[in-house]
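Novice: no sequence on this one, just coordinates:
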């Protein structure tokens, strides 16, 4: 096996020697100050990254633009060998998305990755970065803008009552779209509190109180109306009962009921006084102790 490996190595060396080419280095453009990287953005320009904190444009004819593409020397620390402006990456859809990212060591010694954008002049970038301060520069402005747009569509009394969840969902949807343009993923939005001016809060409370009083009056009226309806139905039932009973009572029924009562009294062991009734149908009246 060892002999086979040595044989293959020998073949590779012979092959490589037979096809070797000479390389000639030719100077192109002026010298740069500690260049660490060269990038291309899809056109004829080359972007040379200098460790000190500058990115310069090297044109196709070998000239260098007098104004750097980006200059952040005041933010870059170079007091050690592995510190400085160390990397550059353009957005995959550049220049449609005119953003790029740089990796550098800040003055505190921390590694920082920041996002920059290109100005109206394609050869000069905006030096306003979106790195460690992205919360203040991207998220908070976007959140305030979206919150104003959404809340302006609702009535003040709806903020903390019926429409609170709807407002929260709409803010989340619109803010997620806005932050996606800056490559920030939004997972959730929670409205902790909505603070209104004191006079407005007092006015809302008075209005809500008056609405509750109005609902209370309506409830009382409805309750009284139902009570009146109940009594009317009860009276009609009593009236109908009396009509039915009065129609079924006649002299024969009354005489029969009198006989039954007299019979029950006569069976009592108590002493009795019998008063004979008058007329043909008069029933005796039995009085006891």
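Specialist: Now that the structure is in, tell me what you want to look at. Just so you know, these numbers come straight off a predicted model, no measurement behind them.

Novice: Just give me the longest helix of this structure.
Specialist: helix 198-248 (DSSP state H).

Novice: Let me know the average pLDDT across whatever helix or strand comes next after that helix.
Specialist: Following helix 198-248 in sequence order, the next helix or strand is helix 251-266 (DSSP states H and E). Averaging pLDDT along helix 251-266 gives 72.

Novice: gap between the longest helix of the chain and the chain center?
Specialist: 42 Å (Cα atoms, centre = their mean, to the nearest Å).

Novice: tell me which strands and helices that helix is in contact with?
Specialist: Helices and strands touching helix 198-248, by 3 or more Cβ pairs under 8 Å, 6 or more residues apart in numbering; DSSP states H and E: there are none. C-beta: built from backbone N, CA, C; applies to glycine.

Novice: Just the pLDDT for residue 161.
Specialist: 70.

Novice: Would you agree it falls within a helix?
Specialist: No: applying DSSP: H, G, I helix; E, B strand; the rest coil, one finds residue 161 to be coil, outside a helix.

Novice: what's around it, how many residues?
Specialist: 10 (other Cβ atoms under 10 Å).

Novice: need the contact list for it.
Specialist: Counting by Cβ atoms under 8 Å, 6 or more residues apart in numbering, residue 161 makes contact with nothing.

Novice: how far away is it from residue 80?
Specialist: Counting by Cβ to Cβ, to the nearest Å, the separation of residue 161 from residue 80 is 59 Å.

Novice: for residue 216, same thing?
Specialist: Following Cβ to Cβ, the distance that separates residue 216 from residue 80 is 76 Å.

Novice: Quick check: nearest residue in space to residue 185, chain neighbours excluded?
Specialist: What sits nearest to residue 185 in space, not counting adjacent residues and going by Cβ to Cβ, 6 or more residues apart in numbering, is residue 179, at 7.5 Å.

Novice: I figured that neighbour hits residue 141, correct?
Specialist: No: at 10.7 Å, residue 179 does not count as touching residue 141 under the criterion of Cβ atoms under 8 Å.

Novice: quick one: which of the two has more around it?
Specialist: Neighbours were counted for residue 179 and for residue 141 using other Cβ under 10 Å; residue 179 has more, 18 against 11.

Novice: what's next to the helix or strand that that one is a member of, contact-wise?
Specialist: Under the criterion of DSSP H and E, residue 179 resides in helix 164-180. Residues from elsewhere that reach helix 164-180 (Cβ under 8 Å, 6+ apart): 138-139, 142-143, 145-147, 149-151, 154, 158-159, 185-186, 188-191.

Novice: thinking in terms of the whole chain, how far from its middle is it?
Specialist: How far helix 164-180 lies from its chain's middle: 5 Å, per Cα atoms, centre = their mean.

Novice: What of stretch 105-121?
Specialist: 31 Å.

Novice: Give me the buried positions along that stretch.
Specialist: Using 16 or more other Cβ atoms under 10 Å as the burial criterion, the residues of stretch 105-121 that qualify are 105, 106, 112, 114, 115, 116, 118.

Novice: quick check: mean pLDDT across that stretch?
Specialist: The pLDDT scores in stretch 105-121 average 89.

Novice: end-to-end on it?
Specialist: Taking Cα to Cα, to the nearest Å, stretch 105-121 runs 27 Å from one end to the other.

Novice: Show me where the stretch 1-150 of the chain has its strands.
Specialist: For the stretch 1-150 of the chain, the strands defined by DSSP state E, counting those that start in this stretch occupy 35-40, 46-50, 54-58, 70-71, 85-90, 99-105, 111-117.

Novice: which strands and helices sit next to the third one?
Specialist: Just to be clear, that refers to strand 54-58. strand 46-50, strand 70-71, strand 85-90.

Novice: Likewise for the shortest one?
Specialist: Helices and strands touching strand 70-71, by 3+ Cβ pairs under 8 Å, 6+ apart, are strand 54-58.

Novice: give me the low-pLDDT residue ranges for the stretch 51-200 of the chain?
Specialist: Low-confidence segments of the stretch 51-200 of the chain (pLDDT under 70): 129-133, 157, 160, 183, 196, 200.

Novice: repeat that with 80
Specialist: Applying pLDDT under 80 to the stretch 51-200 of the chain flags residues 127-138, 152, 154-162, 181-185, 192-200.
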